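*Asks:* generate coordinates for the sequence data below:
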Amino acid sequence: MNAKLLLKSIFIILVALLLVLMGMNNRSSVDFALRPLLKKAVKQPAALMYFSFFGIGFLTGTIMTAGTGKKGGGTRSARSDR
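*Replies:* Numbering: from 1, shown residues only. Presented below is the predicted three-dimensional model:
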């Protein structure tokens, strides 16, 4: 098994555990106001706000890092020395 994949999996499990703990311990409602975009404040449970902010951040990170991998093939010459 790839060590990098194992570390990423452990990290995702820890973040999911953190989200579950936040959901269990933050049940009160909070107001979210974003005046330029929303006319009224949104009132939701704090755990739902945490989860939505995490989701937006995760998607942003995924989009920002998409396509940064190295492409195969390189610049090898087509000639063979055989």
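*Asks:* could you point out which element follows the longest helix seen in the chain?
*Replies:* Using DSSP state H, we find that the single longest helix of the chain is helix 3-25. Counting by DSSP states H and E, the element after helix 3-25 in chain order, helix or strand, is strand 29-32.
*Asks:* closest to the centroid, which residue in the chain?
*Replies:* Against the mean C-alpha coordinate of the chain, by CA atoms, centre = their mean, the closest residue is F58 at 1.8 Å.
*Asks:* which residues touch that one?
*Replies:* Neighbouring residues of F58 by CB atoms under 8 Å, 6 or more residues apart in numbering: there are none. Using the backbone N, CA and C atoms, a C-beta is placed for each residue, glycine as well.
*Asks:* so it is in which element?
*Replies:* For F58, the element it lies in under DSSP H and E is helix 46-65.
*Asks:* quick one, that helix and helix 3-25 angle?
*Replies:* Orientation check (axes from the mean of the first three to the mean of the last three CA atoms, to 10 degrees): helix 46-65 against helix 3-25 gives 160 degrees.
*Asks:* what's the burial count for the closest residue to S28 other than its chain neighbours?
*Replies:* With CB to CB, 6 or more residues apart in numbering as the criterion, S28 has its nearest non-adjacent residue at 6.0 Å, and that residue is A46. Here the number of neighbours of A46 (other CB atoms under 10 Å) works out to 16.
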